[in-house]
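> One predicted model, sequence on top.
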Amino acid sequence: MKQEQTYPDIKMFIDGTWCDGSRGKSEAVLNPATGLAIGNVPHASVEDLDRALDSAWRGFGAWRKTSAFDRYKLMRMAGEKLRERAGEIARILTLEQGKPLAEAKLEVLLGADIIDWFAEEARRSYGRVIPSRSGAVQQIVIKEPVGPVAAFTPWNFPINQAVRKISAAIAAGCPVILKGPEETPASCAALVQAYADAGLPPGVLNLVFGVPAEVSSYLIAHPLIRKISFTGSTQVGKQLAALAGSHMKRVTMELGGHAPALVFGDADVKESARLLSAAKFRNAGQVCVSPTRFIVHKSVYEEFVDHFTSAAKNLVVGDGLDAASQMGPLANHRRIEAMEAFVADAISRGGRVRTGGKRIGNEGFFFEPTVLTDVPLNARIMNEEPFGPIAPISAFSDLDEAIAEANRLPFGLAAYAYTKSASVIGAISTGTESGMMSVNHHGLALPETPFGGIKDSGYGSEGGVEAMEAYLNTKFITQMNSSPT
Ligand code: NAD
């Protein structure tokens, strides 16, 4: 099979050393723009996982005693290394994941900002003193690291999904065993390399790959693992949360969404269509907070559909390494099959294709930016997360109807709205069941702001001060200042 030579050799990182799987198993990594193999990713055996567990436990002993100030300094160095290497890592990310190079570079740079943020937060993991009922008693609350973390991250943002989990954990004093994405392993490995080059002690960060269900069932059940963090589909998240629950393990779940984007009659229609289409087709729609159900007031519906459709038609789709490309391929063949099934189902129920609807060529995994209208609520695309470049647009008549439609699904991750009315903003901000709401712009996923969902979209936050809490235990200590006589 033809190999592209510029892709790095992928290894796992266990106990401070890069290594292959001890049983020699691996799988091919494909370039989604060509469908051709570009490398191989090793699979961890149970012995490899045991080594990672043992190393993480030893790493915990040392890392929890490392001062917050020293953790901060090391992390800032890792962030700097990532920043310096952004150009080269972005190229690898595009090669294995498909997104345009400019998007890939932004992802790496944001990764460095995330490391910086958590480095700073390491120094602010404050406890507190609680006034006691007796002058002789002192009551204090301290924060302690929960212990070794098993983290599972997907292929849509190989750096970003991983950096949030590992940086919050490391800042809190926890070692991590990260099961990275097998489809996009090299950019994730480059992130781990930045931490290693900054001098992270062996065991504090381990990177493994393998058969996801085998690795997760082994690590989650293992007594040395104290905390689970997963990003992926709701279906898998529920299985892993159930397993973690049966072992009384703490969990953060960042799962799927189906974000409503409400456009009211008083909105700047052209501008909202421009911003929403850019957000919708970013990373070919493979974003958990992507706006995915466009719910537009009937008075501006046709105008919005026209602007949105022409934006979709004008998008340049191509290899992410080509500077002209605005949207790359889908990450894998499964997404092509999923898009074809969504479109066929919508058409069979009376949906209208305004643009797109088909795979582009038969090389790589390209799909046309697609706009659907007249899609009934029982169509699959109106109920299942699209995770691809399909935008269904429907109309509403009044505020209550818009909020009801926004809340109709079991998901609750992101929501978007465009309006000039303060009272409408107030009503939707409190009325929408979602973990995040972005009004008149797209401002989610910054390091310093909370990031997470409710309902079937999961629980826990991966941004802001809240993200540190996930990796900390709260311990209450009450002490008598003199021994009782
Ligand atoms: P999938 O559900 O098989 O995999 C999604 C991710 O979960 C992958 O990284 C995979 O390695 C991991 N995974 C799967 N089973 C696992 C297990 N038992 N233990 C541990 N990890 C496991 O599906 P897919 O085809 O890769 O993606 C399809 C759907 O996943 C998408 O439609 C989307 O809903 C969801 N997804 C969500 C995100 C996100 O950012 N929330 C990212 C990627 C995929």
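Ah, there it is. Just so you know, these numbers come straight off a predicted model, no measurement behind them.

> Leaving out chain neighbours, which residue sits closest to whichever residue of the stretch 301-450 of the chain sits closest to the ligand?
The minimum distance from the stretch 301-450 of the chain to the ligand, using CB to the nearest ligand atom, falls at Phe387 (3.5 Å). Where you see a C-beta, it was placed from the backbone N, CA and C, and this is true even at glycine. For Phe387, ignoring the flanking residues on the chain, the nearest one in space by CB to CB, 6 or more residues apart in numbering is Gln286 at 5.4 Å.

> Surely the one you found touches Arg335?
Yes - counting by CB atoms under 8 Å, Arg335 is a contact partner of Gln286 at 6.9 Å.

> quick one, strands of the stretch 1-150 of the chain?
Ranges of strands in the stretch 1-150 of the chain, per DSSP state E, counting those that start in this stretch, are 12-14, 17-19, 26-31, 36-42, 128-130, 137-145, 149-152.

> thinking again about what came up before, for the residue of the stretch 301-450 of the chain closest to the ligand, give me its contacts.
Taking CB atoms under 8 Å, 6 or more residues apart in numbering as the contact definition, Phe387 lies against Asn156, Gly256, Gly285, Gln286, Ser290, Arg335, Ala338.

> A strand includes it, no?
No - counting by DSSP: H, G, I helix; E, B strand; the rest coil, Phe387 is located in no strand; its state is coil.

> In three-state terms, label the most centrally placed residue in the chain for me.
With distances taken as CA atoms, centre = their mean, the chain has Gln161 as the residue nearest its mean C-alpha position (4.1 Å). Using three-state DSSP, the three-state assignment for Gln161 comes out as helix.

> where's it relative to the ligand, distance?
Distance from Gln161 to the ligand, counting by CB to the nearest ligand atom, to the nearest Å: 6 Å.

> Repeat that for Gly39.
Here the distance between Gly39 and the ligand works out to 17 Å (CB to the nearest ligand atom).

> State the number of residues packed around the residue nearest to Phe387.
By other CB atoms under 10 Å, the residues close to Gln286 number 23.

> where does this structure come near the ligand, residue by residue?
By the rule CB under 6 Å from any ligand atom, the part of the chain lying against the ligand is 152, 154-156, 181, 212-213, 216, 231-233, 236, 240, 254-256, 288, 334, 385, 387.

> Keep only those of the residues you listed that are in strands.
Phe152, Thr231, Glu254 (DSSP state E).

> returning to that earlier point: among the contacts of Phe387, name the ones in helices.
Counting by DSSP state H, those place Arg335, Ala338 in helices.

> all helices for this protein, in order.
Counting by DSSP H, the helices of the chain are 46-63, 68-84, 86-97, 101-122, 160-172, 185-197, 212-221, 234-246, 269-281, 301-314, 333-348, 399-406, 422-431, 464-469.

> residues of the second one that come out buried?
Of the residues in helix 68-84, Ala68, Arg71, Tyr72, Leu74, Met75, Arg76, Met77, Ala78, Gly79, Lys81, Leu82, Arg83 count as buried by neighbour count, 16 or more other CB atoms under 10 Å.

> same deal with the fifth one?
Judged by neighbour count (16+ other CB under 10 Å), helix 160-172 contains these buried residues: 160-172.

> Kindly report the same for the fourth one.
Along helix 101-122, these residues count as buried under the neighbour rule (16+ other CB under 10 Å): 101, 103-105, 107-112, 114-119, 121-122.

> out of the contacts of Phe387, which one sits closest to Val300?
Checking the contacts of Phe387 against Val300 by CB to CB gives Ser290 as the nearest, at 21.8 Å.

> That closest one against Lys280, yeah?
Yes - using CB under 8 Å, Ser290 is in contact with Lys280, at 6.1 Å.

> Could you list the low-pLDDT ranges of the stretch 1-150 of the chain?
Applying pLDDT under 70 to the stretch 1-150 of the chain flags residues 1-5.

> How about the closest residue to the ligand within it, nearest residue that isn't a chain neighbour?
Closest residue of the stretch 1-150 of the chain to the ligand, CB to the nearest ligand atom: Ala150 (9.4 Å). Closest residue to Ala150 apart from its sequence neighbours, by CB to CB, 6+ apart: Leu219 at 4.0 Å.

> Distance of the one you found relative to Glu340?
The gap separating Leu219 from Glu340 is 35 Å, by CB to CB, to the nearest Å.

> Neighbour count for these two, which is higher?
In terms of neighbours (other CB under 10 Å), Leu219 is the more surrounded of Leu219 and Glu340; the figures are 25 against 15.

> Tell me which residues touch the more buried one, please.
Leu49, Leu53, Ala150, Ile177, Lys179, Ile225.

> one step back: what bridges to the residue of the stretch 1-150 of the chain closest to the ligand?
Beta-bridge partners of Ala150, counted by DSSP bridges, are Ile177, Ile228.

> just checking, it touches Ala221?
No - under the criterion of CB under 8 Å, Ala150 makes no contact with Ala221, lying 9.9 Å away.

> picking that back up, most packed of the strands of the stretch 1-150 of the chain?
Among those, ranked by average contacts under mean count of other CB atoms under 10 Å, first place goes to strand 149-152 (a mean of 28).
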